[in-house]
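A.B. asks: Requesting a structural model of the entry that follows:
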Amino acid sequence: MPQPKRVFVTGATGFLGSHLAFHFLEQGHHVSVLARSSKSAAARERVEDTLRTVAGSDAAIETLLKRLDVLEGDISRPGFDLNDAATQQLTRSTDEIWHCAASLNFAEEDRDEIFQMNVGGTEHLLQLVAQMPSKRLHHVSTAYVAGNRMDVALESEIDVGQAFKNAYEASKNRSEVMVSEAHGKGAVRASIYRPSVVIGDSLSGRTTHFHGVYAFIRGLWAVLERLRRKLPEGSTVQLPLRVVGSLQTTLNFVPIDYVVQGMAAIGANDASLGRTYHLTNPVPTPNSFWLENICRILRVEGVELVDGRSFSENPPTKLEMFFQRQMAFYYMYLQGEPRFDNRNAAAALAGTGITCPVMTAEFMDKMTGWYLHYLKRT
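C.D. replies: Residues are numbered from 1 along each chain as shown. The predicted model follows:
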């Protein structure tokens, strides 16, 4: 086991932050997290419930919770809305901070709110990290700070004048620039991590959050369940459904366990200081491959990726309009993505045994099968 550290994690009720916090607890570290109360639950209750879901059972988490502190605060507010005593305790006793908190909202009408959370939150965090003796910051970003680029996106590049698909990408790019500048001035000692499209566990297929491709699967499954009531058991459903996207492009899927283990291993080495790492799949998944396999597993034919001009020639059906509304964000990423250079990450993880699995048909069976089983139980 590694030497115990005192780690502070933001975004601990989110997908990546919760798995990272659980990983550090499993490794014997003391973990502090920042969380807000909801109308129905206190901050600590929210965090504990999330970690229990990640753990999969109460037995797997109860003893670990003794090394968990929950600070009630708001990262979008100056000083996180913590009092002076809590701030001093946090800065004096924390060895390193992992910043995972972010707004995953992509709506342009919410641009100000997105920037307040992602850019303002990072600014507030940098002010706090600068007060720590270690000044150690691990900043979790996204590979899609590359925006609309279609070339090779290097780990060393941030803002090269690219346009962005949405306010989320723009805000995360701006946050990275701030972290990089603060590191350059010596105000913090930072490493930056850029995961791509994070999905369920590579061994079990299990996930705890259901965005992106899971929303697509859920929407398709719900429609098929209604149609199957009128068909013989085991039938393949014929469903004409056009989805805006390109068969010639890819999506870069990475399992949650690879991302968490990879970041933790890289961050444990001081050689990561001042560097950026793409936690991406060296073999991105063709859109044609994942769509074909999801349709195979769901036993449906007729779903196809089409150019947006298809709807000018033949107006969308009600079902197609529904999917367009529900999947407006996800559809942006079916038009193409950069090729992500990951030489820094590959070199840092060499010899650790931590590698990113390729998305095979068997992996798709595992991931989609687990999720369908979950949908049928809930």
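
A.B. asks: and Asp58, how many neighbours?
C.D. replies: 10 (other C-beta atoms under 10 Å). For the C-beta atoms, the positions are set from N, CA and C on the backbone; glycine is no exception.

A.B. asks: Count residues in the vicinity of the residue lying closest to it once chain neighbours are set aside, would you?
C.D. replies: Distances taken as C-beta to C-beta, 6 or more residues apart in numbering put Arg52 closest to Asp58, at 6.1 Å, once the chain neighbours are dropped. As a burial measure, Arg52 scores 17 neighbours (other C-beta under 10 Å).

A.B. asks: For Glu157, see how far away Arg52 is.
C.D. replies: According to C-beta to C-beta, to the nearest Å, Arg52 and Glu157 sit 39 Å apart.

A.B. asks: same check, this time on Glu62
C.D. replies: For Glu62, the distance to Glu157 (C-beta to C-beta) stands at 44 Å.

A.B. asks: cool, Gln248 as well?
C.D. replies: 24 Å.

A.B. asks: higher neighbour count, these two?
C.D. replies: Glu157 (14 against 10).

A.B. asks: ok now do the more buried one, which residues does it touch?
C.D. replies: Applying C-beta atoms under 8 Å, 6 or more residues apart in numbering to Glu157 gives the contacts Ala146.

A.B. asks: for it, helix, strand, or coil?
C.D. replies: coil (DSSP: H, G, I helix; E, B strand; the rest coil).

A.B. asks: and Thr208, what helix or strand is that in?
C.D. replies: Thr208 belongs to no helix or strand when assigned by DSSP states H and E.

A.B. asks: The one 10 residues further on too?
C.D. replies: Under the assignment given by DSSP H and E, the secondary-structure element containing Arg218 is helix 213-228.

A.B. asks: now Ala348
C.D. replies: helix 343-349.

A.B. asks: Could you list every helix and strand that that helix packs against?
C.D. replies: When contacts are defined as 3 or more C-beta pairs under 8 Å, 6 or more residues apart in numbering; DSSP states H and E, helix 343-349 packs onto helix 256-267, strand 276-279.

A.B. asks: Can I get the first one in CSV, CA atoms only?
C.D. replies: Output in CSV follows, covering the C-alpha atoms of helix 256-267 (Å, rounded to 0.1, in the frame of the first residue of the first chain):
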residue,chain,number,x,y,z
ILE,A,256,-13.8,4.4,-15.6
ASP,A,257,-11.3,2.0,-14.0
TYR,A,258,-8.6,2.8,-16.5
VAL,A,259,-9.1,6.6,-16.1
VAL,A,260,-9.0,6.5,-12.3
GLN,A,261,-6.1,4.0,-11.9
GLY,A,262,-4.2,5.8,-14.7
MET,A,263,-4.6,9.3,-13.1
ALA,A,264,-3.7,8.0,-9.6
ALA,A,265,-0.6,6.2,-10.9
ILE,A,266,0.6,9.2,-13.0
GLY,A,267,-0.1,11.7,-10.2
